[in-house]
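K.L.:
attaching a predicted model along with its sequence, questions to come.
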Amino acid sequence: MSKSGYRQLLRRAPVALATVLVLLSALAAGTVAQQALPTPLEQSDFQDYTSHVDLMAWLQQVQASSTEMRLGIYGETYLGRELPYAVFSRPSVRLPWEAMISGKPVVLLAANVHGGERTLRESLLLTIRDLATPGTEMNALLDDLVIIVAPTLNPDGFENLPRPSRGNSWGIDMNRDYMKLEQRALAHYVEDLVNRWQPHVVVDGHNGGSWPYNICYQGASNAESDPTLTAICNDEIFPLINRRMEAEGYRAFYYSRGNERQWNGGGSDPRISRNHMGMSNRIGILFESPGGQEIEIGVRSGKVAMESVLIFAARQPDQVLTTVAQARRKTVELGDRPSGDLAVQQTYGPLDHPVTWEVRVGGRGSTESKTVTSDSLMITPVPTLTRPRAWAYLLPRRAVAAAELLRQHGIAVETLQEEVELEVEYYTLKSIEYVREYDHDAAVVIEVGEIVTRTERFPIGTFVVPTGQVMGRVAVNLLEPETNDNVYRWNRMDAWLPLAAPRRARPGAGFDPEAERPERPEQAAAEPQRILPIAKLRSPTPLPTRLLPPE
């Protein structure tokens, strides 16, 4: 090296050294920030889950240490516990409309809707800390995403004594309440967090699934949700999760369990989170952390899975935004120009290609497994009963309870401003059964008879629900009488229905045959050609209506 080159090197050395020191200082600051804010579970060496009081205090501590975390409360439980959420983005986002105009995917991570399912609740606390810590992989994603985290949807169930409960303080499973929206905490979540922030992706964390996997997953699986919302999970997001889990020494596969012949998915009803999100035109994802793992392994593997979703959305923002936008557009078009049929009942068929999974051999507690390759991964929805699509539904003007439920979901409801004569279709009632299901002592199960066409006059104030709207799929499911989640089933139309002798509920519905209930034998059978009160208007028709104000 020449003397001049040597002198230049000496002059640059202090600058280079300073740069290195700054980088090391920044890295150290991130490490210190993480070490200074261990979660209560970490402080207990992964022995004691974080209490709700400690969770609220810890969230505030993290927020106070970060300029990029917003902490809010979206509601409270029956017992008065606050329901927290955190928002992360760079530049900062504080209000829903700011997220909507950001041009970024909005991702909502949630857990603990079942109070006793606590693993992924703790995973989200670790993710929150990383999102709030400069220099971490997660914090870098704030440039590309708006991230909302709701770590505890059911703190009452979590704090239940003498042990955490699956249900809330009333003993009700809130992951079956997404369509009827009767439980306070769940209604707050849907109305005040999901509907207001309009996330493109929603992840719901549970405990369940099967050994030898650390995480089990599934997308929306109802035949009436847009299939592209499930395809992006199966084809893109889940393979990324598998790769990242494997790189960390973990394993992942579909929910929920299988044997050497087939692997079965979870339920298909819209009342479940991932299916409700799919029918709302969002990418809905279920995560289940199987039992039998050490707490720390379950929590850390859950963190990898949660963060994999964020990484995918940050790497493929256009794909996420386009998939959701096209699903929303298609839903509106299906209602604006109705044709063909919609699925009101379904079963499961196999995925369209073979997959490989592991099953336990040697009995319960065995750690031996067998590899199975099969085309019987049963997660593809197959319609078993369909009905013609409608342009709009008309409800009696006294059906206020049904209209209120629709509006809770963000469904646009209009009212007639003039009396009009219309040709409409009605379902006739073939039979009716009242069963005990979840928290309903007399949930309504309707068997439809013929479909009849009538011309009649509808009075001022009649509710009109067009299906050509983004929430049209949810509206259709609520207003078709043969779905498993509709306004008849959940007692929003009882005034128009006949009485009937109660029968045993479907298996698992909890009906007590010894319970005393009044019977009206003379009304036990449905009247011939009795008309169900909700009319279907099949063709686009100009109507003198006015939108009801937003809820």
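P.N.:
Yes, it's here.

K.L.:
count of residues packed around Leu532?
P.N.:
The criterion is other Cβ atoms under 10 Å. On that basis, Leu532 has 18 neighbouring residues. (C-beta placed from N, C-alpha, C; glycine too.)

K.L.:
ok, now which ones touch it?
P.N.:
For Leu532, the contact set (Cβ atoms under 8 Å, 6 or more residues apart in numbering) comprises 426-429, 446, 448, 481, 488, 496.

K.L.:
distance to Thr347 added to those residues, as a markdown table?
P.N.:
As requested, the contacts of Leu532 are arranged in a markdown table below (distance: Cβ to Cβ, whole Å):
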| residue | distance to Thr347 |
| --- | --- |
| Tyr426 | 28 |
| Tyr427 | 22 |
| Thr428 | 26 |
| Leu429 | 25 |
| Ile446 | 20 |
| Val448 | 19 |
| Pro481 | 20 |
| Tyr488 | 22 |
| Trp496 | 30 |
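
K.L.:
tell me which two in the residues you listed are the farthest apart.
P.N.:
Checking the contacts of Leu532 against each other with Cβ to Cβ, the farthest-apart pair comes out as Val448 and Trp496, at 14.6 Å.

K.L.:
quick one: the closest residue to Arg90 other than its chain neighbours from Asp173, how far?
P.N.:
Residue nearest to Arg90 in three dimensions, not counting chain neighbours: Leu142, with 3.9 Å by Cβ to Cβ, 6 or more residues apart in numbering. Applying Cβ to Cβ, to the nearest Å, one obtains 34 Å for the distance of Leu142 from Asp173.

K.L.:
same check on Phe463?
P.N.:
Phe463 sits at a distance of 30 Å from Asp173 (criterion: Cβ to Cβ).

K.L.:
confidence score at the residue nearest the centre of the chain?
P.N.:
For the chain, the residue whose C-alpha lies nearest the mean C-alpha position (Cα atoms, centre = their mean) is Ser273; its distance is 3.0 Å. As predicted, Ser273 sits at a pLDDT of 98.

K.L.:
distance check, the spatially closest residue to it that is not a sequence neighbour against Ala110.
P.N.:
For Ser273, ignoring the flanking residues on the chain, the nearest one in space by Cβ to Cβ, 6+ apart is Asp204 at 4.1 Å. To Ala110, Asp204 is 6 Å away according to Cβ to Cβ.

K.L.:
quickly list what's touching both of the two.
P.N.:
Ser273.

K.L.:
how is this protein divided into domains?
P.N.:
What the record gives for the chain is the domain set 37-334, 342-385, 390-547, from automatic domain parsing.

K.L.:
just name the most buried of those.
P.N.:
domain 37-334 (a mean of 20; mean count of other Cβ atoms under 10 Å).

K.L.:
now do that domain: distance to the chain's middle.
P.N.:
For domain 37-334, the distance from its own C-alpha centre to the chain's C-alpha centre is 8 Å (Cα atoms, centre = their mean, to the nearest Å).

K.L.:
and it, end to end?
P.N.:
50 Å (Cα to Cα, to the nearest Å).

K.L.:
swap in stretch 393-404?
P.N.:
When the termini of stretch 393-404 are compared using Cα to Cα, they are 15 Å apart.

K.L.:
ok, residues contacting that stretch?
P.N.:
Contacts made with stretch 393-404 from outside it, assessed by Cβ under 8 Å, 6+ apart, are listed as 413, 415, 422, 424, 458-465, 467, 475, 478-479, 487, 492-493, 495-496, 533-537, 548.
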